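Participant: What follows is a predicted structure for the sequence shown.
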Amino acid sequence: MRAFVTGGTGFIGGRLVTKLRDRGDAVVTLVRSPDKALDLERIGCELVQGDLTDLDAIKRGVEGADVAFHGAAIYKVGIPKSDHEHMYDTNVRGTERVLDAAIEAGTPMIVYVSTVNVFGNTHGEVVDETYERSISGNGFLSYYDRTKYEAHQVALDRIAKGAPIVIVQPGGVYGPGDHSEIGNMIGQFRSGRLPMVPFPDLGFNLVYVDDVADGCILAAEKGEVGQSYVLGGEISTMRGMLEKVAQIDGKKPPTRTLPTALIKAVAPAGPVVGKLMGLPPNVRELISASEDVTYWATDTKAREQLGYAPRDLETGLRQTLENAG
């Protein structure tokens, strides 16, 4: 099989291309800088220089592919308004470019990597792929939330027009090399720099990164065109995750909570104070995406229809910590 992959130097995409090469599949991946993708070249990936704004590079990469995996995106919550245009062009217009190029090339199977964030705040309910959020008024929790929702709609639009697209929706992805807020919280707690837990009830379906990569491949092989599949692992919260980290490390679990009122108080000085507290520059957006929010969705459909079999949270966290040193 010949696969075209966007995001091959990223957290999920890096695991995906490694697994594809381990199977003996030919892999072509879009990279901004080949000099920074030498590890991919070493394992036999063909590199196409370009990014999601470069339609010609995307067309070159997808030519002759049996499957296209589009996973490249900017994942940041709490960005300043000055970064909005770049995120929109990458996450929304970039998705349009990749999907349309693959469709034009006649690619038989396209896997689009969406997110459970498109469901928005599930308010403590564990939802499935049929759930539809309300977006009336200012219904988005962050600008990232908005761009991934709109990119998801792009995929649905192309599906409605007959494109051979399968959508996967990972939950909160963690694992070795995770530089997201989840990885940041784990790292701060282990180093003793997290005396109080922020947003302890923030809810995730936490999934180990390798399981997401496996789910993407299963979706390409067994997924039904036009369908979406949540790729999760275990329903938990920020506090629940850190309690498991403490248990594995043999430390006392976190007991103190960072008051949201304190976080709100520093919001006006976010770019300065936020950095000192390990928070992003747009603290108000972080609060709206975290306070009383759950991103809970079930992966039952993927387990039953794809044979998806993710590891439990304790196993995944243990492997994460062992590989972090």
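Facilitator: Yes, it's here.

Participant: got the contact list for stretch 9-26?
Facilitator: Counting by Cβ atoms under 8 Å, 6 or more residues apart in numbering, stretch 9-26 makes contact with 1-3, 5-8, 27, 29, 31-32, 36-37, 40, 43-46, 69, 71-72, 113, 170, 173, 175, 177-180, 209-210, 212-214, 216-217, all of which sit outside it. C-beta coordinates here come from the backbone N, C-alpha and C atoms, glycine included.

Participant: mean confidence for it?
Facilitator: Looking at stretch 9-26 alone, the average pLDDT works out to 98.

Participant: go on, stretch 71-78?
Facilitator: In this model, stretch 71-78 has an average pLDDT of 95.

Participant: next one: stretch 116-131
Facilitator: In this model, stretch 116-131 has an average pLDDT of 97.

Participant: pull the CA atoms of that stretch into PDB?
Facilitator: C-alpha atoms of stretch 116-131 as PDB (Å, rounded to 0.1, in the frame of the first residue of the first chain):
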ATOM      1  CA  VAL A 116     -14.000  14.800  19.800                       C
ATOM      2  CA  ASN A 117     -13.700  18.600  20.300                       C
ATOM      3  CA  VAL A 118     -16.200  19.000  17.500                       C
ATOM      4  CA  PHE A 119     -18.800  17.800  20.000                       C
ATOM      5  CA  GLY A 120     -18.000  20.800  22.200                       C
ATOM      6  CA  ASN A 121     -18.800  20.600  25.900                       C
ATOM      7  CA  THR A 122     -20.800  17.400  26.500                       C
ATOM      8  CA  HIS A 123     -21.800  18.700  30.000                       C
ATOM      9  CA  GLY A 124     -21.000  15.400  31.800                       C
ATOM     10  CA  GLU A 125     -22.700  13.200  29.200                       C
ATOM     11  CA  VAL A 126     -20.800  10.500  27.300                       C
ATOM     12  CA  VAL A 127     -21.900  11.000  23.700                       C
ATOM     13  CA  ASP A 128     -21.400   9.100  20.400                       C
ATOM     14  CA  GLU A 129     -20.700  10.000  16.800                       C
ATOM     15  CA  THR A 130     -24.400  11.000  16.200                       C
ATOM     16  CA  TYR A 131     -24.200  13.800  18.800                       C
END
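
Participant: Just the buried ones from the contacts of stretch 9-26, in ChimeraX syntax?
Facilitator: For anyone working in ChimeraX, the buried entries among those, judged by 16 or more other Cβ atoms under 10 Å, can be selected with:
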select :2,3,5,6,7,8,27,29,31,37,40,45,69,71,72,113,170,173,175,178,209,210,212,213,214,216,217
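
Participant: Check which helices and strands the particular helix or strand that has Asp214 in it sits against.
Facilitator: Following DSSP states H and E, the helix or strand that holds Asp214 is helix 209-222. The elements that helix 209-222 packs onto, with contact taken as 3 or more Cβ pairs under 8 Å, 6 or more residues apart in numbering; DSSP states H and E, are helix 11-22, strand 67-70, strand 109-113, strand 165-170, strand 172-174, strand 228-231, helix 300-306.

Participant: quick one: contacts of the longest helix along the chain?
Facilitator: When secondary structure is assigned using DSSP state H, the longest helix within the chain turns out to be helix 143-160. Helix 143-160 is touched from outside by 73-77, 79, 84, 87-88, 90-92, 95-96, 99-100, 103, 112, 114-115, 117-118, 120, 133, 135, 140, 165, 167, 225-226, 285, 289, with contacts defined as Cβ under 8 Å, 6+ apart.

Participant: go with 6 Å
Facilitator: Applying Cβ atoms under 6 Å, 6 or more residues apart in numbering, the set of residues contacting helix 143-160 from outside is 77, 84, 87-88, 91-92, 95-96, 99, 112, 114-115, 117-118, 140, 165, 167, 226.

Participant: just to revisit the earlier point, turn the helices and strands packed on helix 209-222 into TSV, columns for distance to Glu322.
Facilitator: Rendered in TSV, the data for the helices and strands packed on helix 209-222 read as follows (distance: least, Cβ to Cβ, whole Å):
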stretch	distance to Glu322
helix 11-22	16
strand 67-70	28
strand 109-113	26
strand 165-170	22
strand 172-174	13
strand 228-231	23
helix 300-306	26
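
Participant: so which of these comes closest to Ala246?
Facilitator: strand 172-174 (15.4 Å; Cβ to Cβ).

Participant: before we move on, the earlier item: make a PyMOL selection of whichever of the contacts of helix 143-160 turn out to be buried.
Facilitator: This is how PyMOL selects the buried members of those, with burial counted by 16+ other Cβ under 10 Å:
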select buried, resi 77+87+88+91+92+95+96+99+112+114+115+117+118+140+165+167
